[in-house]
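[1] sequence and predicted model, in that order:
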Amino acid sequence: MYPKFLRTSTLLLICIAITLFTSSVNGQTLTYDAFIRGDKVGEMKVIREVNDEATKITVDTHIEAHMIVKIVVDFKSSSTYMDNKLLIGEAESRTNGHLKNSVHTVFRDEHYELNKDGKSSKLDQKDLVGADYYYFEVPDNGTKSYALATGGMLNMIMKDQNSFYFEHDGKKELHTFKDGVLQELEISHRLYTITFKLRN
């Protein structure tokens, strides 16, 4: 269970976020097919909704891969930004239907409260931008971004004008862009590499 003050502030911020999206909203959806060794194993959908007040981004990923055994991975995240600053973020990962981790991030009282797998902590940050923000624009070299899924910070390094990468949580992620939109995401794990390609 979350502490009462965190539950209350989270509910309040969710209500604010919903209110912000009652006016005119512009949406953009990106769908990616996922491949391992050339075989399609799933998809990822990223949705950005923008109005005059805020930006909301949701990510929904479903993977079914046959390694030594069948592995089913589901990842969902949702984030709300005001003035390009993270207000609230939620992320959940499941493997074969079982909850692997859950991370909730809330900005309150000039700092961020983090609840990771039921354990609460304070982030010494006053201005965060989640990594999901960069599905839709190329970050500057050395940009510091926040991993919604783990509650850690990422250092984004430019590989060339249209791509950047970062290493985090035992894997390397390479992002390749065209016209400011993510075209391909390659995630290299120790035992395999999964590639997400934008569906035309």
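    Received it, and whenever you're ready, just let me know what you need.
[2] in space, what's closest to Arg102 - neighbours in sequence excluded?
    Actually, residue 102 is Ser. It isn't Arg. In space, and not counting its chain neighbours, Ser102 is closest to Glu92: 4.9 Å by Cβ to Cβ, 6 or more residues apart in numbering. (Glycine included, C-beta is placed from N, CA and C.)
[3] which helix or which strand is home to that neighbour?
    Assigned by DSSP states H and E, Glu92 falls within strand 85-95.
[4] for Ile68, same thing?
    Ile68 belongs to no helix or strand, assigned by DSSP H and E.
[5] what does the one 5 residues further on give?
    Remark: Val73 resides in strand 70-82, with elements defined by DSSP H and E.
[6] so which bits of that strand are buried?
    For strand 70-82, the neighbour count (16 or more other Cβ atoms under 10 Å) marks Val73, Asp74, Phe75, Ser77, Ser78, Ser79, Thr80, Tyr81 as buried.
[7] list of residues touching it?
    Contacts with strand 70-82, where a contact means Cβ atoms under 8 Å, 6 or more residues apart in numbering, come from 13, 17, 20, 42, 53-65, 86-97, 129-130, 132-133, 148-149.
[8] got the angle for that strand vs strand 85-95?
    170 degrees (axes from the mean of the first three to the mean of the last three Cα atoms, to 10 degrees).
[9] what residue, apart from its backbone neighbours, is nearest the most centrally placed residue in the chain spatially?
    Residue closest to the mean C-alpha point of the chain, counted by Cα atoms, centre = their mean, is Asp132 at 4.0 Å. In this structure, Asp132 finds its nearest non-sequential neighbour in Ile57, 4.8 Å apart by Cβ to Cβ, 6+ apart.
[10] still on that earlier bit, which residues are in contact with the residue nearest to Ser102?
    By Cβ under 8 Å, 6+ apart, the residues touching Glu92 are Phe75, Lys76, Ser77, Leu99, Asn101, Ser102, Val103.
[11] just the pLDDT at it, thanks.
    Predicted confidence (pLDDT) for Glu92: 97.
[12] just the one 5 residues further on next, same as before
    In this model, Gly97 is scored at 94, pLDDT.
[13] repeat for Tyr112
    95.
[14] contacting residues for it?
    Contact analysis of Tyr112 by Cβ under 8 Å, 6+ apart lists Leu86, Thr105, Val106, Lys122, Leu123, Gln125, Leu128.
[15] would you mark the buried spots in the one helix or strand Leu182 maps to?
    Leu182 belongs to strand 181-188 when assigned by DSSP H and E. Burial within strand 181-188, assessed by neighbour count using 16+ other Cβ under 10 Å, is assigned to Leu182, Gln183, Leu185, Glu186, Ser188.
[16] hmm, back to that, out of the contacts of Tyr112, who's nearest Val69?
    Nearest to Val69 among these: Thr105, at 32.8 Å, using Cβ to Cβ.
[17] report pLDDT for the residue with the largest distance to the centre of the chain.
    What lies farthest from the middle of the chain is Ile68; by Cα atoms, centre = their mean that is 28.0 Å. As predicted, Ile68 sits at a pLDDT of 80.
[18] same question, Ser9
    Taking Ser9 on its own, its pLDDT is 52.
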